[in-house]
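**Q** how would this look folded up:
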Amino acid sequence: MTLQYLDDNKTITFESKLRSLIGLYYPQIDFRIAYKTPKKIGDFFKFKDTIPKDGGLWLFIKSTVLTLKPLILEKLNATLL
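**A** Coordinates of the predicted model:
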């Protein structure tokens, strides 16, 4: 059986009461419970990066190039020396 996970106390209390109730009427059944959280780890991350809306794609590319240009030049100078 799969149930939604609540906080620790409510979950443990509910599980013990449910297991004892089922065990009382059906002792031959080994009843197990699986818990499912309402949120997944993927809910905390965006699917894709967003492109700035004010300047569009060109502004995004320009800012990326300007950010990487000093690093690229530094690597080229180190290689040429």
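
**Q** pLDDT (mean, whole number) over stretch 32-49?
**A** Averaged over stretch 32-49, pLDDT sits at 78.

**Q** try stretch 13-27
**A** 90.

**Q** Run the chain-centre distance for it.
**A** Mean C-alpha position of stretch 13-27 versus that of the full chain (Cα atoms, centre = their mean, to the nearest Å) differs by 33 Å.

**Q** Pull that stretch out as PDB, backbone CA atoms only.
**A** The C-alpha coordinates for stretch 13-27 follow below in PDB (Å, rounded to 0.1, in the frame of the first residue of the first chain):
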ATOM      1  CA  THR A  13       1.200   6.600  14.700                       C
ATOM      2  CA  PHE A  14      -1.000   6.000  11.600                       C
ATOM      3  CA  GLU A  15       1.200   3.100  10.400                       C
ATOM      4  CA  SER A  16       1.200   1.300  13.800                       C
ATOM      5  CA  LYS A  17      -2.600   1.700  14.200                       C
ATOM      6  CA  LEU A  18      -3.200   0.500  10.700                       C
ATOM      7  CA  ARG A  19      -0.800  -2.500  11.000                       C
ATOM      8  CA  SER A  20      -2.300  -3.600  14.300                       C
ATOM      9  CA  LEU A  21      -5.900  -3.300  13.000                       C
ATOM     10  CA  ILE A  22      -5.100  -5.400   9.900                       C
ATOM     11  CA  GLY A  23      -3.100  -7.800  12.000                       C
ATOM     12  CA  LEU A  24      -6.000  -8.300  14.300                       C
ATOM     13  CA  TYR A  25      -8.400  -9.400  11.600                       C
ATOM     14  CA  TYR A  26      -5.900 -10.900   9.100                       C
ATOM     15  CA  PRO A  27      -2.900 -12.300  11.000                       C
END
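
**Q** For the nearest residue to R32 once chain neighbours are set aside, list the residues it contacts.
**A** Take R32 and drop its neighbours on the chain: the residue closest to it by Cβ to Cβ, 6 or more residues apart in numbering is M1, 7.4 Å away. C-beta here means a position set from N, CA and C on the backbone, and glycine is covered the same way. By Cβ atoms under 8 Å, 6 or more residues apart in numbering, the contact set of M1 is F31, R32, I33, A34.
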